[in-house]
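Student: got a structure for you, letters missing:
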């Protein structure tokens, strides 16, 4: 649920009402099916990246052929083009830019997560939170930053201080991203 979205919370996945045994069986079957589909379909021709980009509440891209992805990483921001060297990374708060074509770009704000770049030009981005940048409100983000700074200043212990510090980092990156997108 996103309290920063202009149009209310984004759609979430429906909760499954199966027993644990049934869920485990269905999940195993679904995983086996997806692995076979991936092996059969998600092969880059060397001119595109095969992108899978999701967060717990939404799959933004599912094995989509795209031209380029720019990623905010804890080791520095980097761009991925077809035939990129394999890499593993940790996402930092910032903007993931997906170039579906050279002229069509979509920006998403991510709070954290992981990135995997494979030798076959496939890329997986798993974000803790990811929302289209154009759906977020800068005034709500600034309000969140003010609250996070206040929480940091009034933290009574190391846990509260660490939680507030993370919130400040995320809101600062979000405000910066929203202000630079206008």
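Tutor: Structure's in. What do you need? Given the structure is predicted, the values throughout are model-derived calculations rather than measurements.
Student: for stretch 79-89, buried residues please.
Tutor: 80, 82, 84, 89 (16 or more other Cβ atoms under 10 Å). Placement of C-beta: from N, CA and C, glycine included.
Student: which pair in those residues spans the largest distance?
Tutor: Spanning the widest gap among those are 82 and 89, at 17.9 Å by Cβ to Cβ.
Student: span of stretch 94-106 from start to end?
Tutor: 13 Å (Cα to Cα, to the nearest Å).
Student: quick one, what contacts the residue nearest the centre of the chain?
Tutor: For the chain, the residue sitting closest to the mean C-alpha position, by Cα atoms, centre = their mean, is residue 127 at 3.4 Å. Applying Cβ atoms under 8 Å, 6 or more residues apart in numbering, we find residue 127 in contact with 53, 54, 55, 91, 96, 108, 110, 111, 112, 113.
Student: now, which of the residues you listed sits nearest residue 171?
Tutor: Lowest distance from residue 171 to the contacts of residue 127 (Cβ to Cβ) belongs to residue 111, with 9.8 Å.
Student: the closest one: neighbouring residues, count only.
Tutor: Residue 111 has 21 neighbours, counted by other Cβ atoms under 10 Å.
Student: list the buried residues for whatever helix or strand residue 144 lives in?
Tutor: Using DSSP states H and E, residue 144 falls within helix 138-153. Using 16+ other Cβ under 10 Å as the test for burial, helix 138-153 gives 140, 141, 144, 145, 148, 151, 152.
Student: contacts for that helix?
Tutor: In contact with helix 138-153 (Cβ under 8 Å, 6+ apart) are residues 3-4, 160-161, 163-165, 167-168, 170-172, 174-175, 178-179, 182.
Student: could you pick out the buried ones from those residues?
Tutor: 4, 164, 167, 168, 170, 171, 174, 175, 178.
Student: export those residues as JSON lines, with columns for pLDDT.
Tutor: Shown next, in JSON lines, are the buried ones among the contacts of helix 138-153 (pLDDT from 0 to 100):
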{"residue": "4", "pLDDT": "56"}
{"residue": "164", "pLDDT": "94"}
{"residue": "167", "pLDDT": "94"}
{"residue": "168", "pLDDT": "95"}
{"residue": "170", "pLDDT": "93"}
{"residue": "171", "pLDDT": "94"}
{"residue": "174", "pLDDT": "94"}
{"residue": "175", "pLDDT": "95"}
{"residue": "178", "pLDDT": "94"}
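Student: looking at those residues, which are in strands?
Tutor: Assignment to strands by DSSP state E places none of these there.
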